[in-house]
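A.B. asks: what would the 3D arrangement of this be:
(chains A, B and C)
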Amino acid sequence: MTKLNFFKPHAGLSIGEIARITGAVPRAGARLDHRVTDIAPLDRAGPSDLAFLDSAKHLTAMSRTRAGACFTMAEFEDKAPSGLNVLRTPQPFRAFVLVASTLYPDALRPSSLFDSKGVAPGTHVHASAKIENGVTIDPGAVIGPRAGIGTGTVIGATAVIGPDVQIGRRCSVGPGASIIHAFIGDSVIIHPGCRIGQDGFRYQPSPKGHIKVPQIGRVIIQDNVEIGAGTTIDRGGIGDTVIGEGTKIDNLVQIGHNCSIGRHCIIVSQCGISGSVVLGDYVVLAGQVGLADHITIGQGAMIAAQSGVISDVPAGAKYFGYPAAPRGEFLRSVATLRKLSARSGKGKK
Amino acid sequence: MTKLNFFKPHAGLSIGEIARITGAVPRAGARLDHRVTDIAPLDRAGPSDLAFLDSAKHLTAMSRTRAGACFTMAEFEDKAPSGLNVLRTPQPFRAFVLVASTLYPDALRPSSLFDSKGVAPGTHVHASAKIENGVTIDPGAVIGPRAGIGTGTVIGATAVIGPDVQIGRRCSVGPGASIIHAFIGDSVIIHPGCRIGQDGFRYQPSPKGHIKVPQIGRVIIQDNVEIGAGTTIDRGGIGDTVIGEGTKIDNLVQIGHNCSIGRHCIIVSQCGISGSVVLGDYVVLAGQVGLADHITIGQGAMIAAQSGVISDVPAGAKYFGYPAAPRGEFLRSVATLRKLSARSGKGKK
Amino acid sequence: MTKLNFFKPHAGLSIGEIARITGAVPRAGARLDHRVTDIAPLDRAGPSDLAFLDSAKHLTAMSRTRAGACFTMAEFEDKAPSGLNVLRTPQPFRAFVLVASTLYPDALRPSSLFDSKGVAPGTHVHASAKIENGVTIDPGAVIGPRAGIGTGTVIGATAVIGPDVQIGRRCSVGPGASIIHAFIGDSVIIHPGCRIGQDGFRYQPSPKGHIKVPQIGRVIIQDNVEIGAGTTIDRGGIGDTVIGEGTKIDNLVQIGHNCSIGRHCIIVSQCGISGSVVLGDYVVLAGQVGLADHITIGQGAMIAAQSGVISDVPAGAKYFGYPAAPRGEFLRSVATLRKLSARSGKGKK
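C.D. replies: From the prediction side, this is the model:
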């Protein structure tokens, strides 16, 4: 769809191939040899674009679309215009993502920004670093003594990898990121400007000023984690700060020392997680949430945007507000206050 | 005023020249040939400094000032001490800014931090990059393949410009910033450590963990935009993330994928704008505001600091609190709660 | 305790030496010649680790510990198992920090990430910069014209120091940080990715768009300040932005132009301090606090996490919520609202 694109164009896929890849069923009359080379929303798609519909909200867009093909559920199939190549599937967005990933393999993991292969000129790799074959290092990157980097990993331009840091295979470290005092698993994506492994924030008060408490722990990042741009993760004080497998962290998040973040959590932008917090698996923190130190958020709990949590949250709970409370309690508070102040507003007239 | 200054000293302007530049009218008896070389607040200004007064709050400071000249409105002119060179104007601060910009032309746009001219040694410019004449690139900067940079633009030390990125003329990119998958207009200022164009935050849930949704869009930044230090702007998922002409964004702001930000908006520090949000022109978001995804903020609306907005805001409205509500409603809520809890506090005695 | 450690192992200290260093008193029967080489929490400590106990909460952990020695207060001494080498002290954590600092001297201040001594190859130091003997500069760092750096200071990889910036002695500047328009005292720690000295956020509205107000001030950072990763501190507009001696600032904090931050303040992660704010000495801002511009926070005041402060706070006060109010008032509001909405919830049944 997009004219000036940052990704290489794909030769395209036929409707038949897409059906095979996704398991979607072409509607009777679909031209199985029609090819699409790109993806687009229904309202902007053209004949060489694939689109999807998974909500009645966009039925009008589907009725007018010029898309070359469209995934949708059985219930919407009959609403599609007769000329549209419809692919029936119970999960249109999932199928769409699968095709998008096939058309744009480079979009699944950031690659060299300099078309580099291997270690580019203009990098600063310490003689004692252990760089496996198949590692790409962009210009200006600095790799410290004894650091190890696994095959398939791309280290972005001007990224800094500290002494003894170990990074697994098929990782991507964005430009300008810094990683110290850390072990990173496989297939981890670290976006530009991430700050991993610096000192946690702890002082001992004293009459002469705050005394710095040495921070001697590490950051452990497990496989398949993704960490957003500008996010900061401090190393442990004595123990470690751990980010569990498959967890996805957005931009400008702060994670304090000694936190233990579970597997497959979602942590949205600008959340602040104080020191020694424990998150179970599959926890979701919406944007700008703040968590007080030393609390535990149970498995699968969801915390609404901007909430401030000051005590433990049970597994599966949904919390809102400050101090954060269960959803029902929060909604009742909001409604009560609204009612009372509407009344008081009237009283004034 | 300042002794150790980071800007080059100016030869100075006479009161007469300042009157000509700004249209301000010198008070009878002002010495038109008196020269000022610097600007300062009334209470710290000396004979070679220009000051301004636009509020009765600072009349005492004016009565004692040693400033070489002072802009003020007609209503305050008579309050000025007789020895002061007064310049009368209906908008003293505007006149002051105009003179400040004349005395400090270098302060209007960050320049080379290395006194570089052209491409400094120690840069990494890909052979296929298109660098116009008159571009300055500081040491350690990395310019990717096929990137284009317009004349008059300064690329800061260790900044990273990705493949195919196009940057207009007279722009400034701060040290350590990274720009990928983006087109940047003319006269854009990007402050240090900005992160532009990385992947948006979107996953498809699955029993085996979150599946990354390819992010194939771009960031489009129009002319005269200014973007603060450490701010992150993600590229579009399918479409583009757009920042409209003249919009000013402060430090550590997060702008999610597919957002469409209007022209001449003001977005204060640490705001978080979720994906696919639409801002009309002249919207003001005060500090630490959070906007939920897929909402629209109408033209000229103002959102108070720390508010959390979860649904559309009409044009021109002023919203406060969480969930954000119109100003009057919010103030009534605060007052009602204060009254009720004061009463309940009394009841306890 | 930790197997793969990022710090050099220490030869260790005997119980007798530890008693001498800290003034703690060994319990009768303690083996004064037993050596510890590391620190650990009670539950994970082994025979060569030192631990501490300062709360009854962890008595069970002490009863089972395998630690080589443990600091505790007189009141807990008798609860320690007979084989444990107990060191009695009124302030166990303070003693523990003192020993930790002795065992891990490198943890008190970040050092070269490249095992560099002096100016490493691959740095870009302007010919007119004044670098004292005993300065360490890591690869990729850029030092601008006329900048001065004092002995014992370490400039991290790819850090950028602008023209005329002066940095004192024994400082540490983390990788990727940028410092412009600033004077930095002695023993200052600046963590990775800090952004110091860029333009403040000020515009003059006009029908043709916002007019940039020149920012010609500076940032002054006094001795013994520590500034977290990704934090942004803007330079003054006309005057200076000042950070007082011994103040500690966490990650991703925003400090606006012309702020005057007192001595020995604690500013936790993601706080946003608007322009021209004055903080007295020993102020504590918990995480994600927002302060409106031109307000004063009195000496020793404490602001709770996520609070939004819109007017002056008296010295010593504790403020909560938005708009921030004294602690008692805030707690009453929360309790009142909870009671009223519980009642209204019942009414609905």
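A.B. asks: show me the contacts for the closest residue to A:Thr22 other than its chain neighbours.
C.D. replies: With sequence-adjacent residues excluded and distances taken as Cβ to Cβ, 6 or more residues apart in numbering or on different chains, A:Thr22 is closest to A:Ala95, at 4.0 Å. Glycine gets a C-beta too; all of them are placed from N, C-alpha and C. Taking Cβ atoms under 8 Å, 6 or more residues apart in numbering or on different chains, we find A:Ala95 in contact with A:Thr22, A:Gly23, A:Ala24, A:Phe52, A:Phe71, A:Leu87, A:Thr89.
A.B. asks: okay, now the third one: neighbour count?
C.D. replies: The local packing of A:Ala24 (other Cβ atoms under 10 Å in any protein chain shown) involves 26 other residues.
A.B. asks: next, count neighbours for the closest residue to A:Ala67 other than its chain neighbours.
C.D. replies: Spatial nearest neighbour of A:Ala67, chain neighbours left out: A:Ala45 (3.5 Å); criterion: Cβ to Cβ, 6+ apart. Using other Cβ under 10 Å, A:Ala45 is surrounded by 24 other residues.
A.B. asks: residues in contact with A:Ala45?
C.D. replies: By Cβ under 8 Å, 6+ apart, the contact list for A:Ala45 reads A:Met1, A:Ala51, A:Thr65, A:Arg66, A:Ala67, A:Gly68, A:Cys70.
A.B. asks: looking at those residues, which are in helices?
C.D. replies: Within the contacts of A:Ala45, no residue falls in helices by DSSP state H.
A.B. asks: between those residues, which is nearest A:Phe201?
C.D. replies: A:Met1 (45.8 Å; Cβ to Cβ).
A.B. asks: kindly state the pLDDT recorded for the closest one?
C.D. replies: Here, the pLDDT recorded for A:Met1 equals 44.
A.B. asks: before we move on, back to that, so which of the contacts of A:Ala45 are in strands?
C.D. replies: A:Ala51, A:Cys70 (DSSP state E).
A.B. asks: I'd assumed A:Ala342 was in a strand, is it?
C.D. replies: No - the assignment for A:Ala342, made by DSSP: H, G, I helix; E, B strand; the rest coil, is helix rather than a strand.
A.B. asks: now it. Nearest residue, chain neighbours left out?
C.D. replies: B:Arg332 (7.7 Å).
A.B. asks: who's in contact with the residue positioned nearest the centre of chain A?
C.D. replies: Centroid check for chain A by Cα atoms, centre = their mean gives A:Lys248 as the closest residue, at 4.1 Å. By Cβ under 8 Å, 6+ apart, A:Lys248 lies in contact with A:Val225, A:Glu226, A:Cys265, A:Ile266, A:Ile267, B:Phe201, B:Tyr203, B:His210.
A.B. asks: repeat the analysis, applying 7 Å as the threshold.
C.D. replies: A:Glu226, A:Ile266, B:Tyr203, B:His210 (Cβ atoms under 7 Å, 6 or more residues apart in numbering or on different chains).
A.B. asks: pretty sure A:Ser101 sits against B:Val213.
C.D. replies: No - with contact defined as Cβ atoms under 7 Å, A:Ser101 does not count as touching B:Val213 (8.4 Å).
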